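Asks: next come a sequence and a model predicted from it.
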Amino acid sequence: MRISIQACIERAGEQPSKVIEVAVIERNADVAPASGLGLFIRESQEILRQLQTVVLTEQVDQFIRITGRCQLCGGRLGIKDTKFLVYRTAFGKARLRSPRFYSYCSACGYCSSNKGTLSPLAQALPERVHPQWTWLQCRYASVMSYRLAQIFLRDAFAGGRELPCSSVKLNVGRVGQRLEQEAQRATMMMAAVTAPPRSSPLTGTPIGLQIDAGYIKTPRQEDGKRWTPVVASKLIWPKTPRTHAHAYAVGRDPTQGLRQQAFLQSVGIGPQAPVTVISDGGDDISFACKLPSATARVLDWYHIGMRFENLLMALRGLRGTDAYSKNRLRERVLKAKWLLWYGESKRCLERLESVRRDTGWVGARNPLGRVIRYLRCCSRYLANYQQRRAQGLPISSAGAESVVDYVIGQRMKRNGHMRWTIAGANGLLQVRCAVLNGEDISNFRRWYPLGRQIMPYALVDCKV
Ligand SMILES: [Zn+2]
(Lines give C-alpha, C1' and ligand atoms only; values in the text may rest on other atoms or scores of the structure.)
Protein backbone atom coordinates (compact mmCIF):
# COMPACT_ATOMS: atom_id res chain seq x y z
CA MET A 1 0.00 0.00 0.00
CA ARG A 2 1.25 3.43 -0.88
CA ILE A 3 -0.29 6.70 0.20
CA SER A 4 1.11 9.86 -1.24
CA ILE A 5 0.41 13.26 0.26
CA GLN A 6 0.42 16.19 -2.11
CA ALA A 7 0.06 19.89 -1.62
CA CYS A 8 -1.87 21.81 -4.24
CA ILE A 9 -0.88 25.45 -4.43
CA GLU A 10 -3.43 27.81 -5.93
CA ARG A 11 -2.18 31.28 -6.63
CA ALA A 12 -4.66 34.02 -7.33
CA GLY A 13 -4.95 34.74 -11.06
CA GLU A 14 -2.54 32.01 -12.01
CA GLN A 15 -3.38 28.89 -13.91
CA PRO A 16 -2.89 26.01 -13.48
CA SER A 17 -2.32 25.36 -9.79
CA LYS A 18 0.96 23.77 -8.74
CA VAL A 19 1.13 20.32 -7.12
CA ILE A 20 4.03 19.36 -4.89
CA GLU A 21 4.59 15.94 -3.39
CA VAL A 22 4.92 16.25 0.37
CA ALA A 23 5.36 12.71 1.58
CA VAL A 24 4.78 9.07 0.76
CA ILE A 25 3.64 6.52 3.29
CA GLU A 26 4.27 2.90 2.47
CA ARG A 27 2.90 -0.07 4.36
CA ASN A 28 3.06 -3.79 3.78
CA ALA A 29 -0.51 -5.05 3.84
CA ASP A 30 0.47 -8.66 4.45
CA VAL A 31 2.45 -7.98 7.63
CA ALA A 32 0.56 -8.20 10.92
CA PRO A 33 0.27 -4.66 12.26
CA ALA A 34 1.62 -5.60 15.68
CA SER A 35 3.95 -2.62 15.82
CA GLY A 36 0.97 -0.30 15.72
CA LEU A 37 -1.47 0.95 13.15
CA GLY A 38 -1.43 4.34 11.56
CA LEU A 39 1.28 6.98 11.59
CA PHE A 40 4.41 6.81 13.65
CA ILE A 41 5.53 9.93 15.49
CA ARG A 42 8.68 10.21 13.42
CA GLU A 43 6.64 9.94 10.21
CA SER A 44 4.18 12.56 11.29
CA GLN A 45 7.04 14.88 12.17
CA GLU A 46 8.62 14.32 8.77
CA ILE A 47 5.31 15.03 6.98
CA LEU A 48 4.82 18.22 8.95
CA ARG A 49 8.39 19.27 8.28
CA GLN A 50 7.91 18.82 4.54
CA LEU A 51 4.56 20.57 4.60
CA GLN A 52 6.07 23.42 6.58
CA THR A 53 8.79 23.81 3.97
CA VAL A 54 6.15 24.06 1.24
CA VAL A 55 4.11 26.65 3.17
CA LEU A 56 7.15 28.71 4.12
CA THR A 57 8.55 28.73 0.61
CA GLU A 58 5.21 29.81 -0.86
CA GLN A 59 4.66 32.50 1.78
CA VAL A 60 8.15 33.90 1.34
CA ASP A 61 7.92 33.85 -2.46
CA GLN A 62 4.68 35.76 -2.35
CA PHE A 63 6.02 38.24 0.17
CA ILE A 64 9.09 38.89 -1.93
CA ARG A 65 7.03 39.28 -5.10
CA ILE A 66 5.02 42.02 -3.42
CA THR A 67 7.82 43.80 -1.60
CA GLY A 68 10.49 43.56 -4.29
CA ARG A 69 8.82 46.28 -6.31
CA CYS A 70 9.32 49.98 -6.74
CA GLN A 71 7.18 52.02 -4.35
CA LEU A 72 6.38 54.56 -7.03
CA CYS A 73 5.85 52.83 -10.34
CA GLY A 74 5.46 49.23 -9.16
CA GLY A 75 8.19 47.96 -11.48
CA ARG A 76 10.40 45.09 -10.36
CA LEU A 77 13.57 46.09 -8.59
CA GLY A 78 16.87 44.57 -9.62
CA ILE A 79 18.24 41.78 -7.40
CA LYS A 80 21.75 42.36 -6.17
CA ASP A 81 22.27 39.00 -4.52
CA THR A 82 20.36 36.37 -2.58
CA LYS A 83 21.12 35.34 0.96
CA PHE A 84 19.51 32.72 3.09
CA LEU A 85 18.16 33.22 6.54
CA VAL A 86 17.40 30.48 9.01
CA TYR A 87 13.92 30.45 10.47
CA ARG A 88 13.05 28.08 13.30
CA THR A 89 9.58 26.71 13.88
CA ALA A 90 8.04 23.89 15.88
CA PHE A 91 7.96 21.84 12.70
CA GLY A 92 11.59 22.27 11.80
CA LYS A 93 14.24 24.69 10.76
CA ALA A 94 13.97 26.25 7.31
CA ARG A 95 16.39 28.19 5.14
CA LEU A 96 14.45 31.02 3.57
CA ARG A 97 15.48 32.77 0.41
CA SER A 98 16.05 36.42 1.16
CA PRO A 99 17.04 38.45 -1.91
CA ARG A 100 18.63 41.86 -1.62
CA PHE A 101 17.19 44.38 -4.05
CA TYR A 102 18.72 47.55 -5.38
CA SER A 103 16.63 50.31 -3.89
CA TYR A 104 17.11 52.43 -7.02
CA CYS A 105 14.42 51.83 -9.65
CA SER A 106 15.93 51.87 -13.11
CA ALA A 107 12.53 52.46 -14.73
CA CYS A 108 11.51 55.66 -12.97
CA GLY A 109 14.57 56.69 -10.96
CA TYR A 110 12.81 56.49 -7.60
CA CYS A 111 14.81 55.28 -4.58
CA SER A 112 12.84 53.09 -2.16
CA SER A 113 15.36 53.23 0.66
CA ASN A 114 18.09 55.57 1.83
CA LYS A 115 20.54 52.69 1.62
CA GLY A 116 21.77 51.26 -1.66
CA THR A 117 20.01 47.94 -1.17
CA LEU A 118 17.10 46.53 0.79
CA SER A 119 16.23 43.04 2.06
CA PRO A 120 12.48 43.01 2.69
CA LEU A 121 12.37 39.59 4.34
CA ALA A 122 15.31 40.17 6.67
CA GLN A 123 13.75 43.47 7.73
CA ALA A 124 10.30 41.97 8.23
CA LEU A 125 11.63 39.13 10.37
CA PRO A 126 13.74 40.66 13.12
CA GLU A 127 13.22 37.50 15.18
CA ARG A 128 14.14 34.32 13.37
CA VAL A 129 11.98 32.10 15.56
CA HIS A 130 8.26 31.50 15.14
CA PRO A 131 6.44 33.06 18.13
CA GLN A 132 4.59 29.84 18.84
CA TRP A 133 7.86 27.95 19.00
CA THR A 134 9.18 30.42 21.54
CA TRP A 135 5.93 30.15 23.43
CA LEU A 136 6.19 26.37 23.65
CA GLN A 137 9.73 26.65 24.96
CA CYS A 138 8.63 29.16 27.58
CA ARG A 139 5.72 27.02 28.61
CA TYR A 140 7.74 23.91 29.28
CA ALA A 141 10.93 25.52 30.54
CA SER A 142 8.90 27.35 33.16
CA VAL A 143 7.63 24.16 34.76
CA MET A 144 10.66 21.90 34.29
CA SER A 145 14.38 22.33 33.90
CA TYR A 146 15.76 23.61 30.59
CA ARG A 147 17.24 20.20 29.96
CA LEU A 148 13.96 18.36 30.52
CA ALA A 149 12.08 20.89 28.41
CA GLN A 150 14.55 20.33 25.60
CA ILE A 151 14.13 16.55 25.83
CA PHE A 152 10.36 16.86 25.75
CA LEU A 153 10.35 19.23 22.78
CA ARG A 154 12.82 17.01 20.94
CA ASP A 155 10.49 14.03 21.33
CA ALA A 156 7.29 15.88 20.56
CA PHE A 157 8.17 18.23 17.70
CA ALA A 158 10.28 17.98 14.61
CA GLY A 159 11.82 21.37 15.39
CA GLY A 160 12.99 20.05 18.75
CA ARG A 161 15.59 17.85 17.12
CA GLU A 162 17.58 20.93 16.16
CA LEU A 163 17.05 22.75 19.43
CA PRO A 164 19.97 22.76 21.84
CA CYS A 165 19.36 23.34 25.52
CA SER A 166 21.23 26.66 25.33
CA SER A 167 18.72 27.95 22.76
CA VAL A 168 15.81 27.16 25.05
CA LYS A 169 17.55 29.11 27.79
CA LEU A 170 18.26 32.01 25.46
CA ASN A 171 14.74 32.22 24.04
CA VAL A 172 13.11 31.98 27.46
CA GLY A 173 15.55 34.59 28.75
CA ARG A 174 14.52 36.99 26.01
CA VAL A 175 10.85 36.61 26.82
CA GLY A 176 11.66 37.03 30.50
CA GLN A 177 13.49 40.26 29.77
CA ARG A 178 10.56 41.54 27.79
CA LEU A 179 8.16 40.77 30.63
CA GLU A 180 10.52 42.34 33.16
CA GLN A 181 10.68 45.53 31.10
CA GLU A 182 6.89 45.60 30.97
CA ALA A 183 6.71 45.12 34.74
CA GLN A 184 9.17 47.96 35.29
CA ARG A 185 7.24 50.25 32.98
CA ALA A 186 4.05 49.42 34.88
CA THR A 187 5.84 50.19 38.16
CA MET A 188 6.95 53.57 36.86
CA MET A 189 3.45 54.37 35.69
CA MET A 190 2.14 53.39 39.10
CA ALA A 191 4.55 55.88 40.68
CA ALA A 192 3.06 58.63 38.54
CA VAL A 193 -0.50 57.59 39.46
CA THR A 194 -0.04 57.34 43.21
CA ALA A 195 2.37 60.23 43.68
CA PRO A 196 -0.14 62.86 44.91
CA PRO A 197 -1.35 62.36 48.51
CA ARG A 198 -4.57 60.42 48.72
CA SER A 199 -7.52 62.58 49.69
CA SER A 200 -10.38 60.07 49.72
CA PRO A 201 -10.29 56.99 51.99
CA LEU A 202 -9.84 53.57 50.46
CA THR A 203 -13.06 51.80 49.61
CA GLY A 204 -14.15 48.60 47.98
CA THR A 205 -13.72 44.92 48.69
CA PRO A 206 -10.75 44.11 50.92
CA ILE A 207 -7.86 42.52 49.06
CA GLY A 208 -5.60 39.90 50.59
CA LEU A 209 -2.11 39.80 49.16
CA GLN A 210 0.33 37.22 50.42
CA ILE A 211 3.95 38.31 50.17
CA ASP A 212 6.82 36.06 51.06
CA ALA A 213 10.49 35.63 50.30
CA GLY A 214 12.42 32.53 49.41
CA TYR A 215 16.09 32.07 48.70
CA ILE A 216 17.77 30.67 45.64
CA LYS A 217 21.38 29.73 45.21
CA THR A 218 23.59 31.99 43.11
CA PRO A 219 27.23 31.78 42.11
CA ARG A 220 29.33 33.58 44.70
CA GLN A 221 28.52 37.28 44.51
CA GLU A 222 30.88 40.20 45.03
CA ASP A 223 30.01 40.43 48.71
CA GLY A 224 30.62 36.70 49.16
CA LYS A 225 26.94 35.84 49.44
CA ARG A 226 25.66 32.63 47.91
CA TRP A 227 21.94 33.13 48.25
CA THR A 228 19.68 35.79 46.89
CA PRO A 229 16.12 36.55 47.99
CA VAL A 230 13.20 36.10 45.65
CA VAL A 231 10.04 37.97 46.57
CA ALA A 232 6.86 36.19 45.63
CA SER A 233 3.31 37.42 46.06
CA LYS A 234 -0.06 35.90 45.40
CA LEU A 235 -3.55 37.27 45.46
CA ILE A 236 -5.42 35.17 48.02
CA TRP A 237 -8.48 37.31 48.62
CA PRO A 238 -11.00 37.64 47.03
CA LYS A 239 -10.98 34.10 45.70
CA THR A 240 -10.62 33.94 41.94
CA PRO A 241 -10.86 30.89 39.71
CA ARG A 242 -7.39 31.65 38.40
CA THR A 243 -4.18 32.00 40.37
CA HIS A 244 -2.57 35.40 40.30
CA ALA A 245 1.05 35.21 41.39
CA HIS A 246 3.98 37.49 40.87
CA ALA A 247 7.66 37.06 41.69
CA TYR A 248 10.97 38.78 41.12
CA ALA A 249 14.58 38.77 42.22
CA VAL A 250 15.79 42.34 42.08
CA GLY A 251 17.65 42.75 45.36
CA ARG A 252 17.05 45.76 47.59
CA ASP A 253 14.73 47.98 45.60
CA PRO A 254 12.65 50.59 47.43
CA THR A 255 10.06 50.70 44.64
CA GLN A 256 8.92 47.13 45.29
CA GLY A 257 5.72 48.34 46.91
CA LEU A 258 4.80 50.12 43.69
CA ARG A 259 5.62 46.98 41.78
CA GLN A 260 3.18 45.02 43.93
CA GLN A 261 0.60 47.72 43.32
CA ALA A 262 1.23 47.48 39.58
CA PHE A 263 0.76 43.72 39.83
CA LEU A 264 -2.64 44.24 41.48
CA GLN A 265 -3.49 46.75 38.78
CA SER A 266 -2.63 44.18 36.13
CA VAL A 267 -5.27 41.82 37.54
CA GLY A 268 -7.85 44.59 37.63
CA ILE A 269 -7.55 45.85 41.21
CA GLY A 270 -7.27 49.60 41.34
CA PRO A 271 -5.29 51.68 43.85
CA GLN A 272 -8.49 52.55 45.73
CA ALA A 273 -9.04 49.02 47.08
CA PRO A 274 -7.69 48.51 50.63
CA VAL A 275 -5.03 45.81 50.72
CA THR A 276 -4.18 43.58 53.65
CA VAL A 277 -0.69 42.19 53.32
CA ILE A 278 -0.31 38.68 54.68
CA SER A 279 3.32 37.89 55.27
CA ASP A 280 5.90 36.58 57.65
CA GLY A 281 7.81 39.24 59.54
CA GLY A 282 10.99 39.08 57.48
CA ASP A 283 13.08 42.14 56.65
CA ASP A 284 13.66 40.95 53.10
CA ILE A 285 10.08 41.80 52.20
CA SER A 286 9.70 45.08 54.09
CA PHE A 287 9.94 47.13 50.88
CA ALA A 288 7.51 44.87 49.06
CA CYS A 289 4.94 45.20 51.84
CA LYS A 290 4.82 48.99 51.48
CA LEU A 291 2.09 49.22 48.90
CA PRO A 292 0.50 52.64 48.54
CA SER A 293 -2.90 51.09 49.23
CA ALA A 294 -1.82 48.72 52.02
CA THR A 295 -3.95 49.31 55.10
CA ALA A 296 -2.70 46.48 57.30
CA ARG A 297 0.03 43.90 57.52
CA VAL A 298 -0.87 40.64 59.21
CA LEU A 299 1.44 37.84 60.18
CA ASP A 300 0.50 34.82 58.11
CA TRP A 301 -1.30 32.22 60.22
CA TYR A 302 0.25 29.56 58.01
CA HIS A 303 3.75 30.59 59.13
CA ILE A 304 2.68 30.67 62.77
CA GLY A 305 1.14 27.23 62.44
CA MET A 306 4.33 25.88 60.88
CA ARG A 307 6.46 27.23 63.73
CA PHE A 308 4.20 25.67 66.32
CA GLU A 309 4.22 22.43 64.38
CA ASN A 310 8.03 22.39 64.55
CA LEU A 311 7.91 23.07 68.25
CA LEU A 312 5.49 20.19 68.86
CA MET A 313 7.74 17.87 66.88
CA ALA A 314 10.72 18.90 69.00
CA LEU A 315 8.73 18.34 72.20
CA ARG A 316 8.09 14.76 71.15
CA GLY A 317 11.81 14.12 71.09
CA LEU A 318 12.54 15.88 74.39
CA ARG A 319 15.04 13.85 76.42
CA GLY A 320 14.68 12.90 80.06
CA THR A 321 10.91 13.45 80.14
CA ASP A 322 8.25 10.78 80.46
CA ALA A 323 5.32 10.44 78.12
CA TYR A 324 2.85 11.98 80.58
CA SER A 325 4.88 15.17 81.01
CA LYS A 326 5.43 15.40 77.30
CA ASN A 327 1.72 15.22 76.76
CA ARG A 328 1.13 17.94 79.35
CA LEU A 329 3.72 20.18 77.67
CA ARG A 330 2.10 19.51 74.33
CA GLU A 331 -1.27 20.60 75.63
CA ARG A 332 0.17 23.77 77.11
CA VAL A 333 1.82 24.69 73.82
CA LEU A 334 -1.42 24.05 71.96
CA LYS A 335 -3.31 26.25 74.41
CA ALA A 336 -0.76 29.00 73.86
CA LYS A 337 -1.31 28.69 70.13
CA TRP A 338 -5.07 29.09 70.53
CA LEU A 339 -4.55 32.15 72.71
CA LEU A 340 -2.71 33.62 69.76
CA TRP A 341 -5.61 32.69 67.50
CA TYR A 342 -7.91 34.76 69.71
CA GLY A 343 -5.56 37.73 69.58
CA GLU A 344 -4.14 37.24 73.11
CA SER A 345 -0.52 37.47 72.05
CA LYS A 346 0.72 38.67 75.45
CA ARG A 347 -0.85 35.79 77.33
CA CYS A 348 0.39 33.40 74.67
CA LEU A 349 3.97 34.54 75.23
CA GLU A 350 3.54 34.19 79.03
CA ARG A 351 2.39 30.61 78.52
CA LEU A 352 5.34 29.83 76.29
CA GLU A 353 7.74 31.36 78.83
CA SER A 354 6.28 29.09 81.49
CA VAL A 355 6.84 26.09 79.25
CA ARG A 356 10.43 27.21 78.90
CA ARG A 357 10.93 26.71 82.67
CA ASP A 358 9.76 23.09 82.49
CA THR A 359 11.70 22.08 79.39
CA GLY A 360 14.95 23.76 80.31
CA TRP A 361 15.13 25.37 76.89
CA VAL A 362 16.91 28.59 77.74
CA GLY A 363 17.87 31.27 75.23
CA ALA A 364 16.92 31.48 71.59
CA ARG A 365 18.91 28.58 70.18
CA ASN A 366 16.25 25.93 70.67
CA PRO A 367 12.82 25.23 69.14
CA LEU A 368 10.91 27.06 71.86
CA GLY A 369 13.29 30.01 71.91
CA ARG A 370 12.89 30.39 68.16
CA VAL A 371 9.10 30.51 68.38
CA ILE A 372 9.22 33.08 71.19
CA ARG A 373 11.74 35.24 69.36
CA TYR A 374 9.73 35.03 66.15
CA LEU A 375 6.51 36.11 67.87
CA ARG A 376 8.24 38.95 69.74
CA CYS A 377 9.86 40.26 66.54
CA CYS A 378 6.57 40.19 64.68
CA SER A 379 4.32 41.22 67.56
CA ARG A 380 3.12 44.33 65.73
CA TYR A 381 1.80 42.20 62.89
CA LEU A 382 -0.21 39.85 65.12
CA ALA A 383 -3.97 40.14 64.81
CA ASN A 384 -7.08 38.61 66.28
CA TYR A 385 -7.24 35.78 63.79
CA GLN A 386 -10.51 34.38 65.08
CA GLN A 387 -12.19 37.74 64.61
CA ARG A 388 -10.72 38.21 61.17
CA ARG A 389 -11.89 34.76 60.15
CA ALA A 390 -15.39 35.53 61.46
CA GLN A 391 -15.46 38.77 59.46
CA GLY A 392 -14.42 36.89 56.36
CA LEU A 393 -11.05 38.60 56.15
CA PRO A 394 -7.94 36.83 54.92
CA ILE A 395 -5.58 35.40 57.53
CA SER A 396 -3.36 33.03 55.64
CA SER A 397 -2.70 31.29 52.38
CA ALA A 398 -5.43 28.86 53.49
CA GLY A 399 -4.05 26.03 51.41
CA ALA A 400 -1.18 23.87 52.51
CA GLU A 401 1.06 25.55 50.01
CA SER A 402 2.81 28.83 50.47
CA VAL A 403 3.40 31.14 47.57
CA VAL A 404 7.15 30.58 47.68
CA ASP A 405 6.74 26.83 47.29
CA TYR A 406 4.30 27.45 44.48
CA VAL A 407 6.36 29.89 42.47
CA ILE A 408 9.96 29.14 43.34
CA GLY A 409 10.33 25.82 45.10
CA GLN A 410 9.04 23.57 42.41
CA ARG A 411 11.18 24.97 39.63
CA MET A 412 14.20 26.72 41.07
CA LYS A 413 15.22 24.85 44.19
CA ARG A 414 15.14 21.31 42.89
CA ASN A 415 17.62 19.26 44.99
CA GLY A 416 19.36 22.48 45.91
CA HIS A 417 21.77 22.02 43.03
CA MET A 418 20.45 24.68 40.72
CA ARG A 419 22.39 27.87 40.67
CA TRP A 420 21.10 31.05 39.15
CA THR A 421 22.40 34.40 38.12
CA ILE A 422 20.10 37.07 39.48
CA ALA A 423 19.12 38.29 36.00
CA GLY A 424 18.57 34.73 34.77
CA ALA A 425 16.43 33.85 37.77
CA ASN A 426 14.43 37.04 37.44
CA GLY A 427 13.71 36.45 33.75
CA LEU A 428 12.60 32.88 34.38
CA LEU A 429 10.39 34.01 37.28
CA GLN A 430 8.53 36.40 34.96
CA VAL A 431 7.97 33.65 32.42
CA ARG A 432 6.97 31.14 35.08
CA CYS A 433 4.46 33.49 36.71
CA ALA A 434 2.92 34.26 33.32
CA VAL A 435 2.50 30.53 32.68
CA LEU A 436 1.16 29.78 36.17
CA ASN A 437 -1.28 32.69 35.88
CA GLY A 438 -2.39 31.47 32.46
CA GLU A 439 -1.32 34.74 30.84
CA ASP A 440 1.35 33.38 28.53
CA ILE A 441 -0.94 32.86 25.55
CA SER A 442 -2.51 36.29 25.82
CA ASN A 443 0.95 37.87 26.12
CA PHE A 444 2.09 36.27 22.89
CA ARG A 445 -1.14 37.22 21.17
CA ARG A 446 -0.60 40.79 22.29
CA TRP A 447 3.00 40.84 21.06
CA TYR A 448 2.37 39.03 17.79
CA PRO A 449 -1.16 39.86 16.67
CA LEU A 450 -2.50 37.86 13.76
CA GLY A 451 -2.97 39.65 10.47
CA ARG A 452 -0.34 42.20 11.35
CA GLN A 453 0.59 44.40 8.39
CA ILE A 454 4.26 44.06 7.71
CA MET A 455 5.99 47.29 6.78
CA PRO A 456 9.03 46.09 4.92
CA TYR A 457 10.87 49.39 4.78
CA ALA A 458 10.29 53.07 5.32
CA LEU A 459 9.42 55.23 2.42
CA VAL A 460 12.36 57.48 1.89
CA ASP A 461 12.61 60.02 -0.86
CA CYS A 462 16.14 60.45 -1.99
CA LYS A 463 15.91 60.81 -5.72
CA VAL A 464 13.00 61.71 -7.94
ZN1 LIG B 1 9.96 52.88 -10.21
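Replies: Cool, got the structure.
Asks: dihedrals phi and psi, residue 220?
Replies: Main-chain torsions, residue 220, degrees, to the nearest 10: phi -60, psi 130.
Asks: give the contact list for it.
Replies: Residue 220 is in contact with residue 226, counting by C-beta atoms under 8 Å, 6 or more residues apart in numbering. For the C-beta atoms, the positions are set from N, CA and C on the backbone; glycine is no exception.
Asks: and the helices in the stretch 101-250 of the chain, which stretches?
Replies: Ranges of helices in the stretch 101-250 of the chain, per DSSP state H, counting those that start in this stretch, are 120-124, 131-141, 146-156, 165-194.
Asks: identify whichever of those lies nearest to the ion.
Replies: helix 120-124 (15.5 Å; C-beta to the ion).
Asks: lowest average confidence, helix or strand, in this protein?
Replies: Every helix and strand in the chain was compared by mean pLDDT, DSSP states H and E; the lowest is helix 403-404, with a mean of 80.
Asks: that helix: how far from the chain's middle?
Replies: Computed by C-alpha atoms, centre = their mean, to the nearest Å, the chain-centroid distance of helix 403-404 equals 14 Å.
Asks: counting contacts, what elements does whatever helix or strand comes next after that helix pack onto?
Replies: Using DSSP states H and E, the helix or strand that follows helix 403-404 in sequence is helix 410-412. Other helices and strands packing on helix 410-412, by 3 or more C-beta pairs under 8 Å, 6 or more residues apart in numbering; DSSP states H and E, are helix 422-436.
Asks: and the next helix or strand after the helix it packs on, what does it pack onto?
Replies: Once helix 422-436 ends, the next helix or strand along the chain (criterion: DSSP H and E) is helix 440-447. Using 3+ C-beta pairs under 8 Å, 6+ apart, the elements in contact with helix 440-447 are helix 131-141, helix 422-436.
Asks: check contacts around whatever residue of the stretch 201-350 of the chain ends up closest to the ion.
Replies: Going by C-beta to the ion, the ion is nearest to residue 266 of the stretch 201-350 of the chain, at 48.4 Å. Going by C-beta under 8 Å, 6+ apart, residue 266 touches residue 186.
Asks: measure it to residue 237 for me?
Replies: According to C-beta to C-beta, to the nearest Å, residue 266 and residue 237 sit 17 Å apart.
Asks: kindly report the domain assignment for the protein.
Replies: Following automatic domain parsing, the chain resolves into domains at 2-128, 179-194+206-300+396-445, 303-381.
Asks: quick check: which of those domains is buried the most?
Replies: Most buried of the domains of the chain, by mean neighbour count (mean count of other C-beta atoms under 10 Å): domain 179-194+206-300+396-445, with a mean of 18.
Asks: endpoint to endpoint, that domain covers what distance?
Replies: Domain 179-194+206-300+396-445 has an end-to-end distance of 14 Å (C-alpha to C-alpha, to the nearest Å).
Asks: got it, and stretch 241-257?
Replies: 25 Å.
Asks: who touches it?
Replies: 180, 183, 187, 191, 216, 228-235, 259-260, 263, 267, 287-292, 294, 403, 406-408, 420, 422, 425-426, 429-430, 432-433, 436-438.
Asks: what helix or strand does residue 258 sit in?
Replies: Residue 258 belongs to helix 256-266, assigned by DSSP H and E.
Asks: parallel or antiparallel, list what pairs with the helix or strand following that helix.
Replies: Toward the C-terminus, helix 256-266 is succeeded by strand 275-279 as the next helix or strand (DSSP H and E). Counting by DSSP bridges, the strands paired with strand 275-279 are strand 207-217 (parallel), strand 294-299 (parallel).
Asks: sec struct for the nearest residue to residue 367 once chain neighbours are set aside, please.
Replies: Nearest-residue entry for residue 367: residue 314, 3.7 Å, with adjacent residues in sequence omitted and distances by C-beta to C-beta, 6 or more residues apart in numbering. Under DSSP: H, G, I helix; E, B strand; the rest coil, residue 314 falls in the helix class.
Asks: dump the residue contacts of residue 314.
Replies: 366-368.
Asks: would you mind measuring from it to residue 437?
Replies: Noted for residue 314: a distance of 38 Å to residue 437, by C-beta to C-beta.
Asks: do the same with residue 381
Replies: Look at residue 381 and residue 437: by C-beta to C-beta, they are 27 Å apart.
Asks: was I right to think residue 158 contacts residue 48?
Replies: Yes - assessed by C-beta atoms under 8 Å, residue 158 is found in contact with residue 48 at 5.9 Å.
Asks: which neighbours do the two share?
Replies: 91-92.
Asks: mind listing the helices for the stretch 251-400 of the chain?
Replies: Using DSSP H, counting those that start in this stretch, the helices found in the stretch 251-400 of the chain span residues 256-266, 301-316, 323-341, 345-359, 367-377, 385-390.
Asks: please name every helix or strand in contact with the fourth one.
Replies: In terms of contacts (3+ C-beta pairs under 8 Å, 6+ apart), helix 345-359 is packed against helix 323-341, helix 367-377.
Asks: let me know the average pLDDT across it.
Replies: Per-region confidence: helix 345-359 scores 88 on mean pLDDT.
Asks: hmm, who's touching that helix?
Replies: Defining contact as C-beta under 8 Å, 6+ apart, one finds that helix 345-359 is touched by 315, 318, 321, 325, 329, 332-333, 335-337, 339-340, 362, 368-369, 371-372, 375-376, 379, 382.
Asks: cutoff 6 Å now
Replies: With contact meaning C-beta atoms under 6 Å, 6 or more residues apart in numbering, helix 345-359 is reached by 332, 336, 339-340, 368, 372, 382.
Asks: for stretch 363-371, what is the average pLDDT?
Replies: Mean predicted confidence for stretch 363-371 is 85.
Asks: please enumerate residues in contact with it?
Replies: Under the criterion C-beta under 6 Å, 6+ apart, residues 307, 310-311, 314, 356, 361, 373 lie in contact with stretch 363-371.
Asks: residue 388: which of the domains of the chain is closest?
Replies: Closest to residue 388 of those is domain 179-194+206-300+396-445 (C-beta to C-beta; 7.4 Å).
Asks: how far does that closest one sit from its chain's centre?
Replies: Centroid separation for domain 179-194+206-300+396-445 versus its chain: 11 Å, with C-alpha atoms, centre = their mean.
Asks: same question, stretch 335-351
Replies: For stretch 335-351, the distance to the chain centre is 40 Å (C-alpha atoms, centre = their mean).
Asks: go on, stretch 334-354?
Replies: The answer for stretch 334-354 is 41 Å, by C-alpha atoms, centre = their mean.
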